[in-house]
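# Using only what follows, build the 3D model:
(one chain, ligands or ions: 2)
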Amino acid sequence: MSSGVLHNFYCSKEWIRFREMIIQDRSKEGFVCEECKGLIFSVSDIHIHHITELTEQNYQNKLISLNPDNVMMVHKVCHDKIHGRFCSGARKKERGIYIVCGPPLAGKHTYVEQNISTGDMVIDMDRLFEAISFKEKYNKPDNLKYNVFGIKNLLIDNVKTRYGDFKSAWIIGGYPNKVEREQLANKLGAEIVLLEVPKEECLKRLENTFDYRHGHFKEWSQYIEEWFFHFSK
Ligand SMILES: [Zn+2]
Ligand SMILES: [Zn+2]
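Ligands and ions are numbered 1, 2, ... in the order given. This is a model prediction of the structure:
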C-alpha cells in the first residue's frame, strides 16, 4: 500500500510539473514504453516509474524522487509487471483497517481506489447517501443523515468486531480533529492515512470538478473552510 505522504507527493506541484516535463521530453520520438519498447497509445496509459523505489524515507530526496535518471516512462501494464503486481503471491497485502481522512477534495476516494482489492469493504458516507437517496453523488439530502449515520455506525461496529468476511476495510471521512481520529483508530485497531492537501489546492480542485459539487461551489468551499478550521495535527 502506498502511504499518505507518498500520495501527497504524487499530488504535489513539483511532481506534476516534473512528470509533464519527462513526458514532453521523452515523447519527442513518439510515446515509447521504456520497458517493452511498444507504443503507448493513450495519455492515461503513461506511467512514470521510479527505478529506485520511492519510500516514505527517501521521497524528499530529489535525486530519487525528481531525478530524470531515476524514472522510466512505461505502460500501466508494464508498470504493474515491474512491481510484480500480477505475480502470484507477490506483494500480497495483509488484511488491514485504514481510516482515510483529509479535507474535501483531498483525493480520499482516489486513494482508496488505488489501493483497494476485491473483497475489501469501504465505509463512505457519500456512497451511503447515494445508496439510500437514489440521488447523484454528493447530493446529500439532510433529512436522511440519521439513517446514513445508522448504517455507517453499524458497519464500523462490524469492523471493530471483525464481523463478516471482508478483507481490508477502508473508512473514508474528514476526521479533522486529531483526538477524534486517534480515538477511532485505537478503537478499531486502524491505521490513519491523513491526506494533507493544502486548502488552496482543494479549492482549485473544487473549481475544476464537474459533478454536483461544481454547481454548489459555495456550499462545498464552506465544507473545505470548516475542515481546515477544525483541523489539528
Ligand atoms: Zn510497455
Ligand atoms: Zn513504479
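
# tell me which element the residue nearest in space to the middle of the chain falls in.
Central residue of the chain (C-alpha atoms, centre = their mean): residue 111, 1.3 Å from the mean position. Using DSSP states H and E, residue 111 sits in helix 108-115.

# Mind listing what's buried along that helix?
Within helix 108-115, the residues that count as buried by 16 or more other C-beta atoms under 10 Å are 108-109, 111-112, 115. Every C-beta, even on glycine, is put in place using the N, C-alpha and C of the backbone.

# residues near residue 117, how many?
11 (other C-beta atoms under 10 Å).

# Quick check: phi and psi at it.
phi -120, psi 160 (degrees, to the nearest 10).

# what's next to the lengthiest helix in the chain, contact-wise?
Identified as the longest helix of the chain according to DSSP state H is helix 145-160. Residues from elsewhere that reach helix 145-160, judged by C-beta atoms under 8 Å, 6 or more residues apart in numbering: 97, 121, 123, 125, 128-129, 132, 140, 163-164, 166, 169, 171, 184, 187-188, 190.

# low-scoring pLDDT stretches of this protein, where are they?
Where the chain drops to pLDDT under 70, the residues are 1-2, 85-94.

# What segments of it are strands?
46-50, 71-75, 97-101, 121-124, 169-173, 191-194 (DSSP state E).

# With distance to ligand 1 and mean neighbour count added, can I get these in JSON lines?
As requested, the strands of the chain are exported to JSON lines (distance: least, C-beta to the ion, whole Å; neighbours: other C-beta atoms under 10 Å):
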{"stretch": "strand 46-50", "distance to ligand 1": "9", "mean neighbour count": "18"}
{"stretch": "strand 71-75", "distance to ligand 1": "3", "mean neighbour count": "22"}
{"stretch": "strand 97-101", "distance to ligand 1": "30", "mean neighbour count": "23"}
{"stretch": "strand 121-124", "distance to ligand 1": "31", "mean neighbour count": "19"}
{"stretch": "strand 169-173", "distance to ligand 1": "30", "mean neighbour count": "23"}
{"stretch": "strand 191-194", "distance to ligand 1": "30", "mean neighbour count": "18"}
